[in-house]
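A.B. asks: A structural model of the following input is requested.
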Amino acid sequence: MNAPRQEVLNIFQNSAESFNTQLQELCDLLQGRLEHYTWVGFYFANTETRTLHLGPYCGAPTDHTCIPFGKGICGQVAESNNPFLVPDVSAQDNYIACSLTVKSELVVPLFVQGKNIGQIDIDSEQIDAFDQGDIEFLEWVNAKIAQAWPEDYNPIEIYG
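C.D. replies: Residues are numbered from 1 along each chain as shown. As a prediction, the model looks like this:
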């Protein structure tokens, strides 16, 4: 995988753009540069209601704009605080189908100041599309997001 690390860094160095715009640009970059990333998006946690809310994303529209903790891959990551790689979604009992073309999924939690505030969700139309390198890259991406996170940014006020 030829990860676009410098481009990721460049996105968060542009302080003239809103943080939402930066997150959208990140989704567009990852989906556009990594051909096995066919859908890239963020879900943000509302810990009071124990729900995840869809934020910026790139790819086909989804009906899954609000996911309860524990439901689907994203909901399981909200509870486990660990990355979840699904090589073949058809073999996963607790999978929420966003599209019939999705064959594999990778969800990596996003921690800001030690708190799981959401996750980056990646879908692929290929079976077994992701590996440890993707997990490590997305953990790095999420660390850069956490470093750039504005103190006054509350995605639940926007999305949930």
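A.B. asks: contacting residues for Ile135?
C.D. replies: By C-beta atoms under 8 Å, 6 or more residues apart in numbering, Ile135 lies in contact with Pro83, Leu85, Leu106, Val108. Any C-beta I mention is one placed from the backbone N, CA and C, and that applies to glycine too.
A.B. asks: Strands of the chain, residue ranges please.
C.D. replies: Chain-ordered strands for the chain, with DSSP state E as the definition, fall at 39-46, 51-58, 66-68, 84-86, 104-112, 115-124.
A.B. asks: buried stuff in the longest one?
C.D. replies: Of the residues in strand 115-124, those buried under the neighbour-count criterion (16 or more other C-beta atoms under 10 Å) are Asn116, Ile117, Gly118, Gln119, Ile120, Asp121, Ile122, Asp123, Ser124.
A.B. asks: One more: stretch 108-115?
C.D. replies: Within stretch 108-115, the residues scored as buried using 16+ other C-beta under 10 Å are Val108, Pro109, Leu110, Phe111.
A.B. asks: from these, which two are the most distant?
C.D. replies: Using C-beta to C-beta, the buried residues of stretch 108-115 reach their maximum pairwise distance at Val108 and Phe111, which is 10.0 Å.
A.B. asks: Check the contact lists of those two and give me the overlap.
C.D. replies: Contacts common to Val108 and Phe111, judged by C-beta under 8 Å, 6+ apart, are Asn142.
A.B. asks: List the contacts of the residue positioned nearest the centre of the chain.
C.D. replies: Geometric centre of the chain, nearest residue: Ile120, 1.2 Å, by C-alpha atoms, centre = their mean. With contacts defined as C-beta under 8 Å, 6+ apart, Ile120 is in contact with Val40, Gly41, Phe42, Val107, Val108, Leu110, Leu138, Val141, Asn142.
A.B. asks: and if you look at Gln126?
C.D. replies: Gln126 makes contact with His36, Lys103, Ser104, according to C-beta under 8 Å, 6+ apart.
A.B. asks: Any chance of CSV for those residues, columns neighbour count and distance to Glu25?
C.D. replies: Putting the contacts of Gln126 into CSV (neighbours: other C-beta atoms under 10 Å; distance: C-beta to C-beta, whole Å) gives the following:
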residue, neighbour count, distance to Glu25
His36, 16, 20
Lys103, 19, 26
Ser104, 22, 24
